[in-house]
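Trainee: any chance you can model this:
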Amino acid sequence: MNWKQALRDKSIALICGTISFLLNIWYYSNLMEIINRFDLEEKLNHKSGLIPNGEDAFEILKYYGYDQLVTKALIGSVLMILFGYLLWNCFCKNIYDSIHYSEYDAYFCLNLAVYLFNIGLTAIITKWVIVLWLIIMVGSFYTAANSKSAS
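Mentor: Sure, this is the predicted structure:
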């Protein structure tokens, strides 16, 4: 049995999905610190959608530091890629096997619940990871445009 076939196992799919869900919850709680400290949800709803203001992005970059925000954005991107991989190799193939062989048991229901919650949480995280990358880019451009050597 190779590792791709092992991922199709019901219990391994449930364990991988649960670990991914717990990592996403941990990351989202860390992300909420940035969102709440700078009231990003309110600012982004009233202004221009997902694109932050240059001054706001600069303030966030100044407070957390460029390297900290890039690290947070990279961790979020890796978690999204990991979940996409697990979604396809664990959940979709496991659900196909369960439906194909008509095995609707507790693992089927638990896998379905864990992965549906994880899909919702990953969608929310995706929005905020995009906002983080935009903050990094807009804040960097704002810093470069307002530096004394550029003037």
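
Trainee: how many neighbours does residue 89 have?
Mentor: Neighbours of residue 89 under the rule other Cβ atoms under 10 Å: 17. Every residue, glycine included, has its C-beta placed from N, CA and C.

Trainee: let's have the chain start at 41 instead
Mentor: Got it, the first residue is 41 from now on, which makes the last one we talked about residue 129.

Trainee: for it, which non-adjacent residue is spatially closest?
Mentor: For residue 129, ignoring the flanking residues on the chain, the nearest one in space by Cβ to Cβ, 6 or more residues apart in numbering is residue 47 at 4.7 Å.

Trainee: again with residue 183
Mentor: Per Cβ to Cβ, 6+ apart, closest to residue 183 is residue 98, 6.0 Å.

Trainee: any idea how far the one you found is from residue 175?
Mentor: Residue 98 is 9 Å from residue 175, where distance means Cβ to Cβ, to the nearest Å.

Trainee: neighbour count for these two, which is higher?
Mentor: Set side by side, residue 98 and residue 175 show more neighbours around residue 175, with 27 against 19, by other Cβ under 10 Å.

Trainee: name the helices or strands packed onto the helix or strand harbouring the more buried one?
Mentor: Assessed by DSSP states H and E, residue 175 sits inside helix 146-185. On a contact count with 3 or more Cβ pairs under 8 Å, 6 or more residues apart in numbering; DSSP states H and E, helix 146-185 meets helix 50-77, helix 94-104, helix 106-126, helix 133-140.
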